[in-house]
Each structure stands twice: as structure tokens, then as C-alpha cells.
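Colleague: requesting a structural model of the entry that follows:
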Amino acid sequence: MTRDAIIPPALQAVHDQWHFAPAVRVGGLVFCSGIIGTSPDGKAPRSGLAGAEATTADRDAPLTALIAVRDPAEQFATAFEALRAILRAAGTDLHHVVELTTYHVEMTRHMATFMEVRSRYLAAPYPAWTAVEVAGLIVPGGLVELRAVAAMPPDRSAR
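Modeller: Below you'll find the model as predicted:
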């Protein structure tokens, strides 16, 4: 079985410097690495991948140099936008997500906001979902990390 690393151009340096693929396509499924809503300056970025792209411009930057978007709703939306960009690079999209795992810092404090943002990105039929509360994430100020598995559209799953 073929295994393809999915590396959007904006995340090539993430792959090269930090040695992981943003996603991997195997058969008819795409497995996405965890993604946090980051930006170059803590404000909502122009694209969901702008934070990682800006941070990796410095070849010596560690993963902890990423900056979380400060506003919780904007951070969650940025994470979903980044997930969408990665899935599109793989040839699928958010409406093909079959499983979502979310890791939350201060889950009860931010869950209502997360659910409101999530509903803007995921529609019925909803994916399987597991939410896990954690003490912290690798990105300082990160409140949620999204990890997803998506199916390839029927016309593309034979890749």
C-alpha cells in the first residue's frame, strides 16, 4: 500500500525542520497531524498556515516558537482553516472528515466558543468526535489542537 506525505507549500519547512508530515494519505484515508491556530503575531492571520510559515522562516526556530492566536474564537477558526488547507492539499476537504480528535486546555471555559466555531466548519453528517482535556499544548497559549482523519472523495480514493 502506498503512503504519501501531504505537505502544503506553506508547511514545507515544518516537514524539513521538524521532521513530520502535516498529513499522510494511505489508501482512501488522510491522517492529519495535530494543528493549532497560530499566527506570526498573535492576531488572526490571513491564512490558517501563516503562523507556521512565518515561524519556520527562521531555520533555527523550535516548535515552541509558534505563536497562538490570542482570541479563542479566532484561534479555533484559524485551526480549522489550517486543517482545511491541509486536507485540500491532500485532495479532500472538511466535509470528508470521518473522525475528529480535539485536545483542549481549559475545556469547560472554552467549550461553548469552540462548539460555535466548530459548527461553522463541520456539518451533517458529523464525524466521530473525541474531546480530551490536557494540561498544555506545545504552542504557548494554545487552547485547542485538532487532529483529524478524512476520507478521500470516491473519485479520488484509488490514488
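Colleague: give me the beta-bridge partners of the most centrally placed residue in the chain?
Modeller: The chain has I35 as the residue nearest its centroid, 3.1 Å off, counting by Cα atoms, centre = their mean. With DSSP bridges applied, I35 shows beta-bridge pairing to L146.
Colleague: show the pLDDT at it.
Modeller: Looking at I35, its pLDDT stands at 97.
Colleague: again with R3
Modeller: 94.
Colleague: angles on the backbone of the closest residue to it other than its chain neighbours, please.
Modeller: The shortest distance from R3 to any non-neighbouring residue, by Cβ to Cβ, 6 or more residues apart in numbering, is to V26 (5.1 Å). Bear in mind the C-beta positions are built from the backbone N, C-alpha and C, glycine included. Dihedral pair for V26: phi -130, psi 120, per degrees, to the nearest 10.
Colleague: okay, now V26: neighbour count?
Modeller: Here the number of neighbours of V26 (other Cβ atoms under 10 Å) works out to 11.
Colleague: report the spatially nearest residue to F20, omitting neighbours in sequence.
Modeller: Taking Cβ to Cβ, 6+ apart, and ignoring the residues beside it in sequence, F20 has S33 as its nearest neighbour in space, at 5.9 Å.
Colleague: please enumerate the helices of the protein.
Modeller: Along the chain, counting by DSSP state H, helices occupy 12-18, 50-55, 72-90, 107-121.
Colleague: check contacts around V144.
Modeller: Counting by Cβ atoms under 8 Å, 6 or more residues apart in numbering, V144 touches 36-37, 75-76, 79, 102-105, 110, 114, 137.
Colleague: from A82, how far out is it?
Modeller: Noted for V144: a distance of 12 Å to A82, by Cβ to Cβ, to the nearest Å.
Colleague: what sits in contact with each of these two?
Modeller: Jointly contacting V144 and A82 under the rule Cβ under 8 Å, 6+ apart are G37.
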